[in-house]
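Engineer: got a predicted model here, sequence first, then my questions.
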Amino acid sequence: MSNDSNRKYIIAHDVGTSGDKAVLTDLQGNILNSSYVPYSMIFPSIGLAEQDPELLWNAVVQTTSDLIKHSKIAAKDIAGMGISAQMFNLIPVDKNYHPLMNMITWMDLRALTQAEHMLDLVSSEQFCRWTGNIPNAKDIIPKILWLKEERQDIWKRVHKLLDCKEYLIYRLTGKCAIDWHGATVFMLLDPVTKQWSEKACSALGIPIEMLPETMPCTAIVGEVQPSPAQDMGLNAGTPVVICAGDVGVAQVGAGTARDGSANLYIGTGGWIGVASNTLANDPQLPFWALNHIKPDKWIIAADLDTAGGSLMWFRDQLCSEEIHKANTSGTSAYQLLSDMATNIEPGANQLLFFPWLSGERGHLGIGHNARGGFVGLVFGHTKSHMVRAIMEGVAYHYRWMIDAIEQSGVEVSVIKAIGGGCKGKTWIQIMSDVLNRELLVLKSPQEAGSVGAALTTSAGLGYYPDLDSADDLIPIDHVVTPKSDKFLRRYNELYAEYVEIGSQLQPHFTKLSQVK
């Protein structure tokens, strides 16, 4: 790409669980170039999941450097930079902002004891009244309490408690701050004042001074400092917009910023996020109530921790033959699995799959003790039936989340589909059939996070003042409609059984977890 001194560009990062995707865009969020660097997870033992913060930082440095080199643009033409990242993690740092341990990731379940006793300190109703949210075992508060109670050697050295993006922002700018969207993920933010809730922090014994300064998602948090600028090929002093975490930027990057617009994300994990002009949550069956990138709006969301992760597990553990065939034929193992599912009639011959392989967050009453599994297996079922059942099980769960959100009073008027699970034809068609709704699939379904980060950065720099109108910028590739009414009755009946059986399994999962 040739250099045009009259143009300005944005560099935006989407620092995910498995790697960092960085993009170079114009001021309207159109992707001109991209770079990706993967990194690993660390699983010290069952239930524990960590990442090395230095690997995340190195990936940000490398992808930025690659973009500058391969795009052949002048550093002076970079108008600004923004970073989005995975959320619900914890990185405790000392006074020099050095991590005191590996990042405890959103998948980690070490804080089960703290989660169980947390509501003895603050009731669900109080949490909801003070912060609009109610945390569970995978959230940040139990992780903080675990650190305080179980690792006092580290706790006494803690200066700040950061999430993934906030650590990276500090490395980039030398400023310690968090956006309002990310702060609501801590579930300690007062939704009215946009400041940390003194009542919640005091009740939990979390020193408020350990939390970063809060600011709007479109605020310029600082400038790229000389050392990282040199490593990345940027000019020192390049503005950095604080941006937001993955759920927030996906809401903008999917073109779902307007009230009632929803994005349905299918990646390793998955979620449904609905833009809302009002804050709504249920203390008994809580969703996420997260601040939108626009300060006066909200994202009402629910997640499924192992959406695409369920199919990934099945591929890795039970499909060595398909993986070998894919490797020798030069195709994707996921494409072979998709073809297998396509050849099975809807309903998978009454086989149900519950996609709770990593526990869940309490949405719909499904908690951290939940486990996945097949129900209804008979001799006649094949591996192809199981693949179809996994795809349908994930779809049933999304329908359950959407139904619950709408029952809370939040209307879902349009659904746009994003994430790697939307790339093939089979799974997204199953999703449309089970939901009995139209799904608008983005032209670049895996780029929504990066595009949203770029648009947020552009807005923060003053180039793009109205993020609602960004909905009209995001191109739709195609619309998936329910195939016919032929199988709707079957799916309706199986969905009802999924909800009934899934609900009844929950106390048994708790009992299973107590078997030593």
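Structural biologist: All right, it came through fine.
Engineer: from the chain's centroid, how far away is stretch 433-453?
Structural biologist: 14 Å (CA atoms, centre = their mean, to the nearest Å).
Engineer: CA atoms of it as PDB?
Structural biologist: What follows is stretch 433-453 as a C-alpha-only set of coordinates in PDB (Å, rounded to 0.1, in the frame of the first residue of the first chain):
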ATOM      1  CA  ASP A 433     -33.600 -22.500  12.500                       C
ATOM      2  CA  VAL A 434     -33.500 -23.000  16.200                       C
ATOM      3  CA  LEU A 435     -33.900 -19.300  17.000                       C
ATOM      4  CA  ASN A 436     -36.600 -19.000  14.300                       C
ATOM      5  CA  ARG A 437     -35.000 -15.600  13.500                       C
ATOM      6  CA  GLU A 438     -33.200 -13.900  10.700                       C
ATOM      7  CA  LEU A 439     -29.500 -13.600  11.300                       C
ATOM      8  CA  LEU A 440     -27.400 -10.900   9.400                       C
ATOM      9  CA  VAL A 441     -23.900 -12.300   8.900                       C
ATOM     10  CA  LEU A 442     -21.200  -9.600   8.600                       C
ATOM     11  CA  LYS A 443     -18.900  -9.500   5.600                       C
ATOM     12  CA  SER A 444     -15.900 -10.000   8.000                       C
ATOM     13  CA  PRO A 445     -17.500 -11.800  11.000                       C
ATOM     14  CA  GLN A 446     -14.100 -12.400  12.700                       C
ATOM     15  CA  GLU A 447     -13.100  -8.700  12.500                       C
ATOM     16  CA  ALA A 448     -15.900  -7.100  14.600                       C
ATOM     17  CA  GLY A 449     -13.700  -6.700  17.600                       C
ATOM     18  CA  SER A 450     -10.900  -5.000  15.700                       C
ATOM     19  CA  VAL A 451     -13.300  -2.800  13.700                       C
ATOM     20  CA  GLY A 452     -15.100  -1.800  16.800                       C
ATOM     21  CA  ALA A 453     -11.800  -0.900  18.500                       C
END
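Engineer: for that stretch, which positions count as buried?
Structural biologist: For stretch 433-453, a neighbour-count test (16 or more other CB atoms under 10 Å) marks 433-435, 437, 439-442, 444-453 as buried. Heads up, the C-betas are built off the backbone N, CA and C, glycines and all.
Engineer: also stretch 368-384?
Structural biologist: Neighbour counts over stretch 368-384 (16+ other CB under 10 Å) mark 368-370, 372, 374-377, 381, 384 as buried.
Engineer: centre of the chain to it, how far?
Structural biologist: Offset of stretch 368-384 from its chain centre (CA atoms, centre = their mean): 26 Å.
Engineer: contacts for that stretch?
Structural biologist: Residues from elsewhere that reach stretch 368-384 (CB atoms under 8 Å, 6 or more residues apart in numbering): 109, 112, 115, 136-138, 306, 310, 318-319, 340-341, 343-344, 348-357, 359-362, 386, 389, 501, 505-506, 509-510, 512-513.
Engineer: just the ones of those in helices?
Structural biologist: Under the assignment DSSP state H, the contacts of stretch 368-384 contribute 112, 115, 310, 318, 340-341, 386, 389, 501, 505-506, 509-510, 512-513 to helices.
Engineer: closest to residue 469 out of those residues?
Structural biologist: The shortest gap between residue 469 and any of those belongs to residue 310, at 36.6 Å (CB to CB).
Engineer: ok, the closest one - contacts?
Structural biologist: Residues in contact with residue 310, defined by CB under 8 Å, 6+ apart, are 353, 355, 357, 372, 390, 393-394.
Engineer: ok, so of those residues, who is nearest residue 293?
Structural biologist: Using CB to CB, these come closest to residue 293 at residue 394, 27.2 Å.
Engineer: show me what counts as buried in whatever helix or strand the closest one lives in.
Structural biologist: According to DSSP states H and E, residue 394 maps onto helix 383-407. Residues 384-402, 404-405 are the ones in helix 383-407 that count as buried (16+ other CB under 10 Å).
Engineer: check which element follows it along the chain.
Structural biologist: strand 414-418.
Engineer: from the contact counts, what lies against that next one?
Structural biologist: strand 261-266, helix 426-435, strand 439-442 (3 or more CB pairs under 8 Å, 6 or more residues apart in numbering; DSSP states H and E).
Engineer: can I get these in TSV with distance to residue 288?
Structural biologist: Converted to TSV, those look like this (distance: least, CB to CB, whole Å):
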stretch	distance to residue 288
strand 261-266	13
helix 426-435	20
strand 439-442	21
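Engineer: mean confidence (pLDDT) on the helix or strand hosting residue 125, please.
Structural biologist: Element membership of residue 125, judged by DSSP H and E, is helix 124-131. Averaged across helix 124-131, pLDDT comes to 89.
Engineer: export that helix to CSV, keeping only CA atoms.
Structural biologist: Presented in CSV, the C-alpha positions along helix 124-131 are these (Å, rounded to 0.1, in the frame of the first residue of the first chain):
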residue,chain,number,x,y,z
SER,A,124,-27.5,-10.2,45.5
GLU,A,125,-30.0,-7.4,45.9
GLN,A,126,-27.4,-5.1,47.3
PHE,A,127,-24.9,-5.9,44.6
CYS,A,128,-27.5,-5.2,42.0
ARG,A,129,-28.6,-2.0,43.7
TRP,A,130,-25.0,-0.7,44.1
THR,A,131,-23.5,-1.8,40.8
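Engineer: the next helix or strand after that helix to helix 124-131, inter-axis angle?
Structural biologist: The element immediately downstream of helix 124-131 (helix or strand, assigned by DSSP H and E) is helix 140-150. Here the directions of helix 140-150 and helix 124-131 differ by 110 degrees (axes from the mean of the first three to the mean of the last three CA atoms, to 10 degrees).
Engineer: packing partners of helix 140-150?
Structural biologist: Helices and strands touching helix 140-150, as assessed by 3+ CB pairs under 8 Å, 6+ apart, comprise helix 112-121, helix 152-155, helix 180-186, helix 198-204.
Engineer: what mean pLDDT does the first one get?
Structural biologist: This points to helix 112-121. So the average pLDDT for helix 112-121 ends up being 88.
Engineer: okay, angle between that helix and helix 140-150 too, please.
Structural biologist: On the basis of the same axes, to 10 degrees, helix 112-121 is oriented at 110 degrees to helix 140-150.
Engineer: show me which positions of helix 112-121 end up buried.
Structural biologist: 112, 114-115, 118.
Engineer: please apply the same query to the second one.
Structural biologist: By neighbour count on 16+ other CB under 10 Å, the buried set for helix 152-155 is residue 155.
Engineer: packing partners for that helix?
Structural biologist: Short answer (3+ CB pairs under 8 Å, 6+ apart): helix 152-155 packs on helix 140-150.
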